[in-house]
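Enquirer: below is the sequence, then the predicted model.
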Amino acid sequence: MYRNKKISVVIPCYNEEIGLEKTYKLIPKFIDEVLVVDNLSTDKTAKVAKKLGAKVISEKNKGYGFAIKKGIETAKADIIITIDGDGTYPVEDSLRPVKYLLDENLDFVSCSRFPLRNRNSMHWQNLVGNKLISFLMKLLFWREFKDGLSGMWVFRKNIYNSLLPLSSDWNLSEEIKIKAYLHPDIKFDEYRINYHPRFGASKVWPIKVGIENIVFLFKFRMHNTLNLAKST
């Protein structure tokens, strides 16, 4: 607990038995609840999580969006922190963005990895893809997002329903940021963090996911344009 706020960490996982153990051991003591969402893992992710003391939730629908939404909806907290189970996001320093959220009276803080402090922490394909997606988000929604695809967010749970519905796959990452920024009653900002090399092999096909994200952004922009036109 921090400043009388209960804090939950949500970790969506697919075959992260190696990284999860290393990640869990870095979680600070002020965290009240750790939720590991096992998204059809075929390794020992769930067993490792239970052994470590995390609350394990099973999500049978395959997809990052399904897993992260299941964890958020299950969390019993005032503030939620999302990270990955591969050790890349600095959960050990998560008090900093939480403090920033509260000090600045914000509702949603997206943790930006850029500029990278460790150039070896991200493959060049992922770096180029992230820069492209962030540029398109700026072009389409008139706001500079330093890191459109960051998976570490700190936000007040009471705003979550105002952001629904959300995508069920990787698209959720940029969608939730855009919606938080566009919502008139939600205060949004970014906060720079460190980023570590991942433990274990990546399960993401960068080109495939990148194309899906680009298509999603244009469709999402068109949908919002049509809704705006209908309301005027």
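Expert: Yep, it's here.

Enquirer: and the strands in this protein, which stretches?
Expert: Counting by DSSP state E, the chain has strands at residues 7-13, 33-38, 55-58, 79-82, 108-112, 153-156, 188-192.

Enquirer: grab the most central residue of the chain for me.
Expert: Relative to the mean C-alpha position of the chain, the nearest C-alpha, by CA atoms, centre = their mean, is the one of residue 151, at 2.8 Å.

Enquirer: spatially nearest residue to that one (excluding sequence neighbours)?
Expert: Residue nearest to residue 151 in three dimensions, not counting chain neighbours: residue 84, with 5.2 Å by CB to CB, 6 or more residues apart in numbering. Any C-beta I mention is one placed from the backbone N, CA and C, and that applies to glycine too.

Enquirer: wait, the one you found touches residue 9, no?
Expert: No - taking contact to mean CB atoms under 8 Å, the distance of 11.1 Å between residue 84 and residue 9 leaves them out of contact.

Enquirer: between those two, point out the one with more neighbours.
Expert: Per other CB atoms under 10 Å, whichever of residue 84 and residue 9 has more neighbours is residue 9, with 25 against 20.

Enquirer: partners of that one in the sheet?
Expert: On DSSP bridges, the residues paired with residue 9 through beta bridges are residue 34, residue 81.

Enquirer: contacts only, for it.
Expert: By CB atoms under 8 Å, 6 or more residues apart in numbering, the contact set of residue 9 is 27, 31, 33, 34, 35, 80, 81, 82, 83, 91, 94.

Enquirer: just give me the closest of those to residue 114.
Expert: Ranking the contacts of residue 9 by separation from residue 114, with CB to CB as the measure, puts residue 83 on top at 17.1 Å.

Enquirer: state the number of residues packed around residue 173.
Expert: The criterion is other CB under 10 Å. On that basis, residue 173 has 24 neighbouring residues.

Enquirer: and the pLDDT for it?
Expert: Reported pLDDT at residue 173 in the predicted model: 95.

Enquirer: excluding chain neighbours, what is closest to it?
Expert: In this structure, residue 173 finds its nearest non-sequential neighbour in residue 149, 5.2 Å apart by CB to CB, 6+ apart.

Enquirer: which helix or strand in the chain has the lowest average pLDDT?
Expert: Ranked by mean pLDDT, DSSP states H and E, the helix or strand of the chain with the weakest confidence is helix 206-231, at a mean of 75.

Enquirer: which other helices and strands contact that one?
Expert: Identification of packing neighbours for helix 206-231 by 3 or more CB pairs under 8 Å, 6 or more residues apart in numbering; DSSP states H and E yields helix 124-141, helix 172-182.

Enquirer: out of these, which one sits most buried?
Expert: For those, the largest average neighbour count (mean count of other CB atoms under 10 Å) is found in helix 172-182, namely a mean of 21.

Enquirer: who does it touch, helix- and strand-wise?
Expert: helix 64-74, strand 108-112, helix 124-141, strand 153-156, strand 188-192, helix 206-231.

Enquirer: tell me which of these sits most buried.
Expert: By mean count of other CB under 10 Å, the helices and strands packed on helix 172-182 have strand 108-112 as the most buried, with a mean of 25.

Enquirer: what sits up against that one?
Expert: For strand 108-112, contacts defined as CB under 8 Å, 6+ apart pick out 89, 97, 100-101, 145-147, 150, 152-156, 159, 177, 180, 186-193.

Enquirer: angle of the least confident helix or strand of the chain against helix 64-74?
Expert: If you take axes from the mean of the first three to the mean of the last three CA atoms, to 10 degrees, helix 206-231 sits at 60 degrees to helix 64-74.
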